[in-house]
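J.: okay, sequence plus prediction incoming.
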Amino acid sequence: MQDEIRITGELTPDPAVCHFRVDRSVLEDWSLSFDTPESSLGSPLVDALFAVEGVAGLRVAGKSITVKKDHDVPWQEFAPELGKVIRESLQGEAHPISEAAIDVARNMPAEGIEETVRELLDRQVNPVLNTHGGYVRLVKVEERDVYVEMGGGCQGCSASQATLKYGVENAIREVAPQVRNVIDMTDHAAGQDPYYT
């Protein structure tokens, strides 16, 4: 008999998005976004979630599933239904994410990731973060992994991880879906923000 799957929900700065953390791996080595039911390509977890009325998109990475909704039902009411669907999908025999869906990202060319991400940070991300005294710098790209460093008001800020996960990483994946991981290299303990402890 399988152990019970533990799932915790975490609200995000975006009221339409909730982050679900599972106690086991859902997808190793990749972070995949699904914006339509068709993008599932036979992934049982994605099919099951899109079958729930109100699910507008999701991202799967490691032990996490981030869900976007398109209705006003509060997460306190909606999340238990999604938790049940996630649990049932992960208990099935098939892998929750199909090889075909992973292959879409795996087979996209890796060339140009650095230039695309640098332009995104310069033109879109940093102008927004600068209004709060912060910025994100591209450190390097190795194969399909993007390494970034946060600075200014973002270094050590209590909201930095949410900013990175739900703002910066989402933006990077929109322009470069072939990216495998976005890795934070920031020494947040050295930040000057008084809210860091």
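T.: Everything's here; your move.
J.: in the helix or strand where Thr116 lies, which residues are buried?
T.: Element membership for Thr116, per DSSP states H and E: helix 113-120. Counting neighbours by 16 or more other Cβ atoms under 10 Å, one finds that the buried residues in helix 113-120 are 113, 116-117, 120. The way it works is simple: take the backbone N, C-alpha and C, and place the C-beta from them, glycine included.
J.: ditto for stretch 12-21
T.: For stretch 12-21, the neighbour count (16+ other Cβ under 10 Å) marks 12, 17-20 as buried.
J.: give me the distance from that stretch to the chain's centre.
T.: With Cα atoms, centre = their mean, to the nearest Å as the basis, stretch 12-21 stands 10 Å off its chain's centre.
J.: go on, stretch 136-148?
T.: Centroid displacement of stretch 136-148 relative to its chain, using Cα atoms, centre = their mean, is 16 Å.
J.: follow-up on the earlier one: from the buried residues of stretch 12-21, which is closest to Thr66?
T.: If you rank these by distance to Thr66 using Cβ to Cβ, His19 comes first, at 5.0 Å.
J.: any figure for the gap between the closest one and Ser160?
T.: Per Cβ to Cβ, to the nearest Å, His19 is found 15 Å from Ser160.
J.: ok so, going back, report the rounded mean pLDDT for the following helix or strand past the helix holding Thr116.
T.: Downstream of helix 113-120, the next assigned helix or strand under DSSP H and E is helix 126-130. Averaging pLDDT along helix 126-130 gives 89.
J.: with stretch 92-110 instead?
T.: For stretch 92-110, the mean per-residue pLDDT is 88.
J.: contact partners of that stretch?
T.: Residues from elsewhere that reach stretch 92-110 (Cβ atoms under 8 Å, 6 or more residues apart in numbering): 26-27, 30, 32, 34, 39-46, 60, 89-90, 143-144, 177-178, 180.
J.: if we use 10 Å, what do you get?
T.: For stretch 92-110, the external contacting residues (Cβ atoms under 10 Å, 6 or more residues apart in numbering) are 22, 25-34, 39-49, 60, 65, 86, 89-90, 141, 143-144, 173, 176-180.
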